[in-house]
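# give me a 3D structure for the following:
(one chain, ligands or ions: 1)
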Amino acid sequence: MAAPMRGMSVLRQAFQGLVRPAGGQVCRQVQHRCYSTPGHVQVDMNSETGVATVRLNRPPVNSLNLDVLTELSIALEKLETDKSCKAMVLASAAPGIFSAGLDILEMYQSTPERCVAFWRALQDAWLNLYGSRLITMAAIEGHSPAGGCLLAMSCDYRVMAEGKFQIGLNETKLGIVAPFWFTDVMLNTIGHRETEKALQLGALYSAQQALSIGLVDKVVPLAEVMPTVEGELKNWLQIPAAARVITKTSMRKAVLDRLRSQKEKDAQFFADFINRDSVQKSLGMYIASLQKKKN
Ligand SMILES: CCCCC/C=C\C/C=C\C/C=C/C(=O)SCCNC(=O)CCNC(=O)[C@H](O)C(C)(C)COP(=O)(O)OP(=O)(O)OC[C@H]1O[C@@H](n2cnc3c(N)ncnc32)[C@H](O)[C@@H]1OP(=O)(O)O
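Next up is the predicted model:
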């Protein structure tokens, strides 16, 4: 098995077959070498306010691989059971990016077993986030396509930085299809008509456009994102928690139950779908287009 080469992109090496062994171990191995941060999810709990800040920390773009999703899931579970924790802010430690969505390397020429494990980790992270009793707010200080948009939409409130950043479920542009639970969350966020357009077109919106369709709740200059989230949290923290939690749970239960009742079927379906020749071809072309952007 060839070792990853210094100075050459992980995606490019994988695409060119330089670091792709059998058994879908590319991401795990490359990750150790190229993303050797101690943890991909930083949790900072403020015990005075009861507000935890959870920062995705997988430079350069916080793409969500099996490890990140597993760490995120565990972090969310811990906060959920911490009685002193009342709210959680989801943010990024990487400048200019919230999250680039799912790690494409987890879906490109991976094994069915790895695909299933990866998908289960995504399901669990999402169930923990969307089903959380906590007040959850997304501080979107950068791009937030696809899986990044799902994470943001799964929070109770979204503040996005104005400027060049984009957000949306752009799956169709990769030749893949947003899973039903991504769709459900978007439907609950922006309604049927906007979701239908957004998903078919694989639309990526500027912060202002996202605000106009209700995909985000506030747009402010980059430096104001965190202070704005903190200000908004003060309002939410004043609401009696039990009443807020019951309201949230009752509004989200149907969507959560829909996935809970068919998790394994959904994971298997993902693995089968993603490994179709036509889908792999589309992903390969998308990866090539990402690389072309740089050349
Ligand atoms: C009916 C059946 C349904 C069944 C369901 C089946 C299938 C659906 C499955 C999954 C749903 C998918 C969800 C997803 O999240 S797919 C991921 C989509 N993400 C994207 O399209 C984002 C792609 N990235 C970008 O557009 C840009 O990188 C950026 C985020 C706008 C940032 O731009 P910037 O210029 O700042 O950075 P670079 O483009 O130079 O990127 C830096 C570096 O990162 C690599 N990279 C970027 N994104 C990803 C990614 N998502 N995964 C892995 N790697 C990524 C990029 O190639 C660069 O690498 P390098 O080493 O060359 O620097």
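
# from residue 112, how far off is the closest residue to residue 142 other than its chain neighbours?
The spatial neighbour of residue 142 that comes closest, neighbours along the chain excluded (CB to CB, 6 or more residues apart in numbering), is residue 97 at 3.9 Å. C-beta here means a position set from N, CA and C on the backbone, and glycine is covered the same way. Here residue 97 is placed at a distance of 30 Å from residue 112 (CB to CB, to the nearest Å).

# between the two, which one's more packed in?
Using other CB atoms under 10 Å, the more surrounded residue of residue 97 and residue 112 is residue 97, with 23 against 14.

# contact partners for that one?
With contacts defined as CB atoms under 8 Å, 6 or more residues apart in numbering, residue 97 is in contact with 60, 61, 62, 142, 143, 144, 148.

# please repeat the previous calculation with a cut-off of 10 Å.
56, 58-63, 140-145, 148, 165 (CB atoms under 10 Å, 6 or more residues apart in numbering).

# ditto for residue 43
Contacts of residue 43 by CB under 10 Å, 6+ apart are 52-55, 71-72, 74-76, 78-79, 85, 88.

# ok, those vs the ligand, which is closest?
Nearest to the ligand out of these is residue 72 (CB to the nearest ligand atom; 13.9 Å).

# near the ligand, which residues of this structure are found?
Residues of the chain lying near the ligand by CB under 6 Å from any ligand atom: 9-12, 60-61, 63, 96-97, 100-105, 143, 145-147, 170-171, 174, 176-177, 179, 269-270, 273-274, 290, 293-294.

# among the residues you listed, the buried ones, what's the PyMOL command?
Buried members of those, defined by 16 or more other CB atoms under 10 Å, are picked up in PyMOL with:
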select buried, resi 9+10+11+12+61+63+97+100+101+102+103+104+105+143+145+146+147+170+171+174+176+179+270+274+290
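
# what residues go with each domain of this structure?
Per automatic domain parsing, the structural domains of the chain span 1-35, 37-292.

# for those, give me JSON lines that also has mean pLDDT.
Shown next, in JSON lines, are the domains of the chain (pLDDT from 0 to 100):
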{"stretch": "domain 1-35", "mean pLDDT": "39"}
{"stretch": "domain 37-292", "mean pLDDT": "97"}
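
# mind listing the helices for the chain?
Assigned by DSSP state H, the chain shows helices spanning 10-15, 26-34, 66-81, 112-130, 147-153, 180-190, 192-201, 207-212, 225-237, 241-260, 263-274, 277-292.

# deepest of those, which one?
Counting by mean count of other CB atoms under 10 Å, helix 147-153 has the highest mean neighbour count of these, with a mean of 27.

# hey, what's residue 142 bridged with?
Taking DSSP bridges as the rule, residue 142 bridges to residue 96.

# burial measure for it, as a count.
By the criterion of other CB under 10 Å, residue 142 has 26 neighbours.

# hang on, it packs against residue 162?
No: the criterion here is CB atoms under 10 Å, and residue 142 misses it with residue 162 at 11.7 Å.

# appreciated, that's everything.
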